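> sequence unknown, structure follows:
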Ligand code: MSP
């Protein structure tokens, strides 16, 4: 059996409600997962929550709850959010679950026994917001720390450190030899630049209980909990282990949890989808951790950019946020999924404006795709009682090119490019209606054959579009199939080949897909 395609998202801190940035990352991951499934690959898609650490402990305290009660309450909201986005994740990790905690402890025990950690007292600066130690080098030219670090406090404490210094060169070599390991290229160059121009500091992997108790206890020293990032990154292998991943289980013979009866083959991950802000954790610390554990590296780290709203950083304090749930309730989940993927390529930063969202809804969804499907099927209904005429291939070559382009772009996770390619067919088919004028042909009995040809090309284009668009807007494409009188969802990419609609087939009822709104 071939190894499933294993894809993950970052796991979100549960210190508030999900926002546009979280939604974006989960949606692009879902589109990639669905596209791979539609190609016939088995896929394992993992997402979830990062529940430990000082940030979560602080908000729980402010809310008058224990951290666990606080996380349990919010985890329900986040899981409901994943459903709202129509994510097809195969599992949902919570780092407070036993299966994850026990696994992290097994890893810590193994690395400790292998001499990878040492204890030392550190004096310096600490940012709770970023859960990280800072040094003098992190100060800006004016002597202050970036406001992104939040409050920075000076502290002195004894901790366990993970030896990283000796790891620098092989990682540089690896990044150079494997250009697709970090994508896009400019992010890879960023990591290489960092590694070539800085000496890697050892990584602090503990926090003293006296300062923080909301974490996984270090198995070899009861006075400490595990640094939240060490805990969080391990989710990418703790969940495969819980499913019986043979590679991961072989590397953790000391794991006390019972292994499932059936083995699976997930690790190494094919893609970790993450935001640009956490690139160093994934492209530097995580590979080094994996190497120390004796595990292969993930095949790719795909870093996306950040969304702003109206040109400014989104911030709860200023109220400059997008509530994805409110947008979805008003416009539908597919309008939201479509907009974020179409607007922003995976890589650069993006900017949400309400006007931009409405403009794409109106132009591309309502007037573009929606209008095409509605008028094509309404005319087939009106002029031919909904019965599909004889096959005709006038638009077949153009459709075939779009299908091939879309497949190639999806294989490279170029989702925005895929939508652009698909819209070439939407636009071409709409233009075909305007050029062939089926409403005029219908008035002339001598043009009956030509009208049949046009109606076939239009209905078949709608079917092909439904197949191509399924990973992006699954609900809408299932509706298109329903209106075409076809069963189920257009889940299989192979069905995008021209000629699927059979002559004599009777379509269903046309209905608007994207109601026009007065905006
Ligand atoms: N818990 C860590 C990740 C651990 S992964 C082993 C974390 N959590 S987070 O909630 O702060 O961010 C989760 C993801 O959301 C990150 O990939 C981050 O880049 C992404 N985003 C958070 N805000 C964002 C935007 N404004 N725009 C796009 N993505 C953003 O980091």
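Cool, the structure landed. It should be emphasised that the depicted structure is a prediction, and the values quoted were computed from it without experimental measurement.
> first to last residue in stretch 83-99, what's the distance?
Chord length of stretch 83-99, first to last residue, is 23 Å (CA to CA, to the nearest Å).
> what pLDDT, on average, does that stretch get?
Stretch 83-99 shows an average pLDDT of 98 in the prediction.
> tell me the buried residues in it?
For stretch 83-99, a neighbour-count test (16 or more other CB atoms under 10 Å) marks 84-90, 92-97 as buried. Every C-beta, even on glycine, is put in place using the N, C-alpha and C of the backbone.
> before we move on, what about stretch 111-128?
Going by neighbour count (16+ other CB under 10 Å), the buried part of stretch 111-128 is 111-112, 116-117, 125-128.
> swap in stretch 492-512?
493, 495-496, 498, 500-501, 507-508, 510.
> check what pLDDT residue 519 gets.
In this model, residue 519 is scored at 56, pLDDT.
> surely residue 342 meets residue 419?
Yes. In this structure, residue 342 is within contact of residue 419 by CB atoms under 8 Å, at 4.8 Å.
> who's more crowded, those two?
residue 419 (22 against 19; other CB atoms under 10 Å).
> quick one, phi/psi of the closest residue to the ligand within the stretch 151-300 of the chain?
Closest contact between the stretch 151-300 of the chain and the ligand, by CB to the nearest ligand atom, is at residue 275 (1.7 Å). The phi/psi pair for residue 275 (degrees, to the nearest 10) reads phi -90, psi 160.
> my guess is it contacts residue 306. True?
Yes. Contact criterion CB under 8 Å: residue 275 and residue 306 qualify, at 6.3 Å.
> contact residues of the stretch 51-200 of the chain facing the ligand?
With CB under 6 Å from any ligand atom as the criterion, the stretch 51-200 of the chain does not meet the ligand at any residue.
> residue ranges of the helices in the stretch 51-200 of the chain, please?
54-62, 67-84, 98-113, 168-177, 185-197 (DSSP state H, counting those that start in this stretch).
> which ones among the buried residues of stretch 492-512 are found in helices?
Per DSSP state H, helices hold no members of the buried residues of stretch 492-512.
> quick one: which of those is nearest the ligand?
The ligand has its nearest neighbour among the buried residues of stretch 492-512 in residue 493, at 27.9 Å by CB to the nearest ligand atom.
> I'd say that closest one and residue 38 touch.
Yes. In terms of CB under 8 Å, residue 493 counts as a neighbour of residue 38; the distance is 4.2 Å.
> shaky segments in the stretch 1-150 of the chain?
Within the stretch 1-150 of the chain, the ranges that satisfy pLDDT under 70 run 1.
> residue 512 contacts residue 367, correct?
No. Assessed by CB under 8 Å, residue 512 is found out of contact with residue 367, at 11.5 Å.
> where's residue 34 relative to residue 86, distance?
As for residue 34, its distance to residue 86 is 9 Å (criterion: CB to CB, to the nearest Å).
> so what sits against both of those two?
Common neighbours of residue 34 and residue 86 (criterion: CB atoms under 8 Å, 6 or more residues apart in numbering): residue 474.
> now residue 226: phi and psi?
phi -80, psi 140.
> show me the contacts for it.
So residue 226 contacts 52, 104, 108, 205-207, 215-218 (CB under 8 Å, 6+ apart).
> mind redoing it with 10 Å?
52-53, 95, 101, 104-105, 107-108, 160, 205-207, 215-219, 232, 234 (CB atoms under 10 Å, 6 or more residues apart in numbering).
> again with residue 176
Residue 176 neighbours (CB under 10 Å, 6+ apart): 188, 192.
> show me what residue 158 is bridged to.
In this entry, residue 158 is beta-bridged to residue 121, by DSSP bridges.
> didn't it look like it was pressed against residue 121?
Yes. Between residue 158 and residue 121 there is a contact at 4.5 Å, judged by CB atoms under 10 Å.
> just checking, what packs against the worst-scoring helix or strand of the chain on mean pLDDT?
Lowest by mean pLDDT, DSSP states H and E among the helices and strands of the chain is strand 132-134, with a mean of 86. Contact partners of strand 132-134 among helices and strands, from 3 or more CB pairs under 10 Å, 6 or more residues apart in numbering; DSSP states H and E: strand 117-127, strand 152-162, strand 203-204.
> recalculate using a threshold of 7 Å.
If you count contacts as 3 or more CB pairs under 7 Å, 6 or more residues apart in numbering; DSSP states H and E, strand 132-134 packs onto strand 117-127.
> which residues are contacting the strand it packs on?
By CB atoms under 7 Å, 6 or more residues apart in numbering, the surrounding residues in contact with strand 117-127 are 111, 133-135, 149-150, 152-163, 204-205.
> please indicate which of these are buried?
111, 133-134, 149, 152, 157, 159-163, 204-205.
> looking at those residues, which two lie furthest apart in space?
Largest separation among the buried ones among the contacts of strand 117-127 by CB to CB: 111 and 152, giving 29.1 Å.
> what does the chain put close to the ligand?
10-13, 21-22, 24-25, 50, 232-233, 274-275, 277-278, 306-307, 314.
> buried subset of the residues you listed, written for ChimeraX?
Applying 16+ other CB under 10 Å to the residues of the chain next to the ligand, the buried members can be selected in ChimeraX as follows:
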select :10,11,12,13,21,22,24,25,50,232,233,274,275,278,306,307,314
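> restricted to strands, list the residues of the chain next to the ligand.
12-13, 50, 274-275, 307 (DSSP state E).
> residue 42 touches residue 6, doesn't it?
No. Residue 42 is beyond contact range of residue 6, at 9.7 Å (criterion: CB atoms under 7 Å).
> what about these two, which has more around it?
residue 6 (27 against 15).
> over to that one. Which of the three states is it?
Of the three states, residue 6 takes strand under DSSP: H, G, I helix; E, B strand; the rest coil.
> any idea what the closest residue to residue 285 other than its chain neighbours is bridged to?
Take residue 285 and drop its neighbours on the chain: the residue closest to it by CB to CB, 6 or more residues apart in numbering is residue 203, 6.0 Å away. Residue 203 has these beta-bridge partners by DSSP bridges: residue 162.
> what's the neighbour count on residue 23?
25.
> name the nearest residue to it, sequence neighbours excluded.
residue 324 (4.2 Å).
> next SSE downstream of the helix or strand encompassing residue 340?
According to DSSP states H and E, residue 340 maps onto helix 333-343. Note on helix 333-343: by DSSP H and E, the next helix or strand toward the C-terminus is strand 350-352.
> packing partners for that following strand?
strand 307-309.
> the strand it packs on: how far from the chain's middle?
Mean-position distance between strand 307-309 and its chain equals 17 Å (CA atoms, centre = their mean, to the nearest Å).
> what's the mean pLDDT across that strand?
96.
> just for the stretch 351-500 of the chain, where's the confidence low?
Scanning the stretch 351-500 of the chain for pLDDT under 70 picks out nothing.
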